[in-house]
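Asker: output the structure for:
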Amino acid sequence: MGAIEGLLLLTGGVYLGALVWLNLGLRRSGPAPLLDLPSVSVVVAARNEEASIGDCLRALRSQDYPGEWEVVLVDDRSTDGTSQLVAASGWPGLQLVAAPSQPQYRCPKKSALAAGIAHSRGELLLFTDADCQPPADWIWNTARLFGRGVGLAIGHAFPRPTRGLGQRLLAVDNLAIGALGAGSAGWGRALSCTGRNLAYRRQVYEEVGGFSRIGHLVGGDDVYFMRLVGGTGWAVVPNPVPVDCGPPPACWRGVLHQKLRHAAKAGHYRGPALLLGAGVYLFHLLLSLGVLHLLLGGASALFLLVWLAKGLADLALLARYARRPAERRLLWLLPILELAYIPYVLCFTLAGRLGWFRWK
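Answerer: Next up, the predicted model:
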């Protein structure tokens, strides 16, 4: 056995071991449910969302939470009719806040969220995006997660594909990101989350200094903030209540910049997470060499066996995580996504780390 084959087996073992760890994390039970009713503020940042903000507000207005709650919508310098639609909603439980014309942080969304939090009153802060529609029990079941010692809860956000193979593949990719977050959070070592379905205590936000320590980073109002909380002793737990969102970007430029932003966050991990990421990167590099070997007319039984094992392990994880029929119906696309993941991991991680992306 050559050096490349040995490295392939070693890094493949690390990858498969990580998937087993994530799968077991999905099975772990969460904290005891909270019985009291903390006050809740839902904060939504919106920029040019006139096409979707109506559905978002209707979903939030239908929440069945019996405690005190409010919605704070931050108009992040929209140039369309977003703010006019919100102002015309006539909902007493809704506050409309204008984001600062000069963003406080390098990432405009962090500045918008900070403005919304400053105008809110709730003990718990819940976040979703303006193109999302949380189910009616979202606030109630999310609030119940905040038992003693729980500081932050991460949930899944499912982008409903409306057309084309590309959107469906992006939806499967989103499932994989959600499984990474939920499985790792099950062990108390959350590696990923999304601001489309996120919640934390106001006390936690104040203790870490809000976004001030991560304000110089582009993006990361979700993942970077989660990492701050993870270093404080507060528990980070998975939220089993999913949120449905608008479809993935239809324009290839939008997809490109979105995935580059996501990949850029990997470069800021430290410790065991960084070592795991390096092992996964090397594993995909070796897989790419195997693909090149096959294209040149060669065939490696070991390479094919490792790739098959990877695909089956990925499928096992996503099949456990995807609980709803609309999500499970997309899993047949996983073999196609397996091919796309090799160049994605190799190229996008480096390009994203170099900052080659554009924010909305």
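Asker: burial measure for Ser89, as a count.
Answerer: 16 (other Cβ atoms under 10 Å). Glycine gets a C-beta too; all of them are placed from N, C-alpha and C.
Asker: angles on the backbone of it, please.
Answerer: The phi/psi pair for Ser89 (degrees, to the nearest 10) reads phi -70, psi -30.
Asker: quick check: closest non-adjacent residue to the residue nearest the centre of the chain.
Answerer: Nearest to the geometric centre of the chain sits Thr194, at 2.7 Å (Cα atoms, centre = their mean). What sits nearest to Thr194 in space, not counting adjacent residues and going by Cβ to Cβ, 6 or more residues apart in numbering, is Ala157, at 5.0 Å.
Asker: quick one: secondary structure of the spatially closest residue to Arg61 that is not a sequence neighbour?
Answerer: Nearest residue to Arg61 in three dimensions, chain neighbours excluded: Trp91, at 6.1 Å (Cβ to Cβ, 6+ apart). When classified by DSSP: H, G, I helix; E, B strand; the rest coil, Trp91 comes out as coil.
Asker: just the helices from the stretch 51-200 of the chain, written as ranges.
Answerer: For the stretch 51-200 of the chain, the helices defined by DSSP state H, counting those that start in this stretch cover 53-61, 82-87, 108-118, 138-143, 164-185.
Asker: what's the third one in contact with?
Answerer: The contact list for helix 108-118 (Cβ atoms under 8 Å, 6 or more residues apart in numbering) reads 41, 43-45, 47, 72-74, 76-77, 97-100, 103-105, 125, 127, 195, 202, 205, 210-211, 214-215, 219-221, 359.
Asker: buried ones among the residues you listed?
Answerer: Among the contacts of helix 108-118, those buried by neighbour count (16 or more other Cβ atoms under 10 Å) are 41, 43-45, 47, 72-74, 76-77, 97, 99, 103-105, 125, 127, 195, 202, 205, 210-211, 214-215, 219-221.
Asker: read off the pLDDT value for Gln167.
Answerer: With respect to pLDDT, Gln167 has a value of 86.
Asker: wait, it sits on Gly246?
Answerer: No: judged on Cβ atoms under 8 Å, Gln167 makes no contact with Gly246 at a distance of 10.5 Å.
Asker: ranges for the strands of the stretch 201-350 of the chain?
Answerer: With strands called from DSSP state E, counting those that start in this stretch, the stretch 201-350 of the chain shows them at 235-245.
Asker: isn't Ala326 right next to Thr162, touching?
Answerer: No: between Ala326 and Thr162 there is no contact under Cβ under 8 Å: 11.9 Å.
Asker: picking that back up, which phi and psi does the residue nearest to the centre of the chain have?
Answerer: phi -130, psi 140.
Asker: ok, now Val208?
Answerer: phi -90, psi 0.
Asker: for it, give its distance to Leu124.
Answerer: According to Cβ to Cβ, to the nearest Å, Val208 and Leu124 sit 16 Å apart.
Asker: compare the two (neighbour count), which wins?
Answerer: Neighbour count, other Cβ under 10 Å: between Val208 and Leu124, Leu124 has more, with 25 against 19.
Asker: in TSV, list the helices of the stretch 51-200 of the chain along with distance to Tyr321.
Answerer: Listed next are the helices of the stretch 51-200 of the chain as TSV, based on distance: least, Cβ to Cβ, whole Å:
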stretch	distance to Tyr321
helix 53-61	23
helix 82-87	33
helix 108-118	26
helix 138-143	18
helix 164-185	4
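Asker: I'd like those laid out as CSV, including mean neighbour count and distance to Val306.
Answerer: Listed next are the helices of the stretch 51-200 of the chain as CSV, based on neighbours: other Cβ atoms under 10 Å; distance: least, Cβ to Cβ, whole Å:
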stretch, mean neighbour count, distance to Val306
helix 53-61, 19, 44
helix 82-87, 19, 49
helix 108-118, 23, 39
helix 138-143, 23, 40
helix 164-185, 21, 19
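Asker: which of these sits closest to His293?
Answerer: Among the helices of the stretch 51-200 of the chain, the nearest to His293 by Cβ to Cβ is helix 164-185 (25.2 Å).
Asker: please state the offset of the closest one from the chain centre?
Answerer: What separates the centre of helix 164-185 from the centre of its chain is 9 Å, taken as Cα atoms, centre = their mean, to the nearest Å.
Asker: excluding its backbone neighbours, what's nearest Arg58?
Answerer: Using Cβ to Cβ, 6+ apart, the nearest residue to Arg58 is Gln133, at 7.7 Å.
Asker: tell me the pLDDT of the one you found.
Answerer: With respect to pLDDT, Gln133 has a value of 97.
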